[in-house]
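Participant: any chance you can model this:
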Amino acid sequence: MCPVSADAVTLDLLKEARETVMSSPLGVIKTPMIPWGQTALPPSAAGNVQLKLENMQRTGSFKIRGVANQFARRPRGGCFVTMSAGNYGKSFAYASKHYGSKGKVVMPETAPESRSVLIQRLGVEVERVPTSSLMDVVNRCVQDDDMTFLHSYDDLDLIAGHASLGLEVLEEVPDADVVVVCCGGGGLLAGVAAAIKLSGCHKTRIYGVEPEGACTMHRSFIEKKPMGMNAKSIASGLAPPSAGRLPFELCHRYVERIVLVSDEEIKVAVSTLYRAGLVVEPSGSAAFAALFNNKIPDLEGKKVVCVLSGGNIGKDELANFPD
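Facilitator: Numbers count the residues shown, from 1 in each chain. This is a model prediction of the structure:
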């Protein structure tokens, strides 16, 4: 079977996926958007910034959008395996329980133990392995246990589901100048960017944000092909072993640039958001960290949207962040 290309991603496809996502029995919601200036956050030097609160989404992150579209297009009661550092795994487990599917999540050893426990409580098996071994274990499950692999970021149905977030952004800020989104494997960034650009917003600048220690998409932009690395970051959800092939194609086509933030900048972002009453995990705070540290250029007088992509962080993890 030929790999799907970026040309297969059309506005009609994304609109259809949005209908599927928002009517899903998994209960995906339209998340709030609030102006930075109407929060208890320190004043922003980044112009007129709107915060898209995907940390308030069902299962605590944007991942349920893509999962809802994936499961709607698979047979009920299937047997699926995936790889995830937590958020996709949580949504995958939630959907598996609803649809009566058997599931297994292969998780990097660097992911918080609390994520494993949460997924297992939803009835899905978890196997923790080194990041470099994730795909080897997934392939073993496919070959030996006859499981179907659902990719956590490099999948057309998933990306189309995530694009519902981009279409939502345009409903609330149709003339956005800049949109800032976190990037791990690239599924969310690709979906949001495709939705915005295919909707005719050609002047909107879209930036992806990655941790310095897990900059697979940044490297892919330099090499002009999907790249892998021994990714390591406090933002474990943004540290897959490689950038996705389809996400890379879409990001290369529609994204302005990939910006890097340090783990220390992510830690400060998590603490800053928490002090303002916003519970956002490290992976979900990356886009905010880039804005907070003035890493996005030419924002004066611009309308900016920043996606806070997830809020799955436990009290034990928060204790490790600065007051």
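Participant: and the closest residue to residue 169 other than its chain neighbours, bridged to which residues?
Facilitator: Excluding its sequence neighbours, the residue lying closest to residue 169 (Cβ to Cβ, 6 or more residues apart in numbering) is residue 305, at 5.4 Å. C-beta: built from backbone N, CA, C; applies to glycine. Legend: beta-bridge partners of residue 305 under DSSP bridges are residue 50, residue 179.
Participant: quick check: residue 305 vs residue 176, distance?
Facilitator: To residue 176, residue 305 is 5 Å away according to Cβ to Cβ, to the nearest Å.
Participant: and what of residue 53?
Facilitator: 16 Å.
Participant: which one's more surrounded, the two?
Facilitator: residue 176 (21 against 18; other Cβ atoms under 10 Å).
Participant: I'd assumed residue 169 was in contact with the more buried one.
Facilitator: Yes. Taking contacts as Cβ atoms under 8 Å, residue 176 lies within contact range of residue 169: 6.7 Å.
Participant: so where do the strands sit in this structure?
Facilitator: Using DSSP state E, the strands of the chain run over 33-35, 48-53, 79-83, 102-108, 125-129, 148-149, 178-182, 205-211, 257-261, 303-308.
Participant: common neighbours of residue 176 and residue 169, please.
Facilitator: Residues touching both residue 176 and residue 169 (Cβ atoms under 8 Å, 6 or more residues apart in numbering): 196, 305.
Participant: hmm, back to that, now do the shared contacts for residue 305 and residue 176.
Facilitator: With Cβ under 8 Å, 6+ apart as the test, residue 305 and residue 176 both reach residue 169.
Participant: figure out which of the strands of the chain is closest to residue 237.
Facilitator: strand 178-182 (8.3 Å; Cβ to Cβ).
Participant: list the helices and strands that closest one packs on?
Facilitator: helix 187-198, strand 205-211, helix 286-292, strand 303-308 (3 or more Cβ pairs under 8 Å, 6 or more residues apart in numbering; DSSP states H and E).
Participant: quick one: it to strand 48-53, angle?
Facilitator: 30 degrees (axes from the mean of the first three to the mean of the last three Cα atoms, to 10 degrees).
Participant: setting aside sequence neighbours, what's the nearest residue to residue 77?
Facilitator: residue 100 (5.1 Å).
Participant: tell me how far that neighbour lies from residue 106.
Facilitator: From residue 100 to residue 106 the distance is 21 Å (Cβ to Cβ).
Participant: name the residues that touch the helix or strand of the chain with the lowest mean pLDDT?
Facilitator: Within the chain, confidence by mean pLDDT, DSSP states H and E is lowest for helix 315-318 among all helices and strands, at a mean of 76. Residues from elsewhere that reach helix 315-318, judged by Cβ under 8 Å, 6+ apart: 112, 114, 270, 274, 281.
Participant: which one of the strands of the chain is the most hemmed in?
Facilitator: Most buried of these, by mean neighbour count (mean count of other Cβ atoms under 10 Å): strand 178-182, with a mean of 28.
Participant: what lies in contact with that one?
Facilitator: 166, 169, 188-189, 192-193, 196, 204-210, 235, 238, 283-284, 286-287, 290-291, 296, 299, 302-307, 309.
Participant: which helices and strands does the longest helix seen in the chain pack with?
Facilitator: Using DSSP state H, we find that the single longest helix of the chain is helix 156-172. Applying 3+ Cβ pairs under 8 Å, 6+ apart, one finds that helix 156-172 contacts helix 11-22, strand 48-53, helix 63-72, helix 187-198, helix 245-254, strand 303-308.
Participant: out of these, nearest to residue 41?
Facilitator: Comparing the helices and strands packed on helix 156-172 by Cβ to Cβ, strand 48-53 comes nearest, at 8.5 Å.
Participant: tilt between the closest one and strand 303-308?
Facilitator: Using the same axes, to 10 degrees: strand 48-53 against strand 303-308 is 30 degrees.
Participant: the spatially most central residue of the chain: what's it in contact with?
Facilitator: What sits nearest the mean C-alpha location of the chain, by Cα atoms, centre = their mean, is residue 188, with 4.5 Å. Going by Cβ under 8 Å, 6+ apart, residue 188 touches 62, 66, 153, 162, 165, 181-182, 307, 309.
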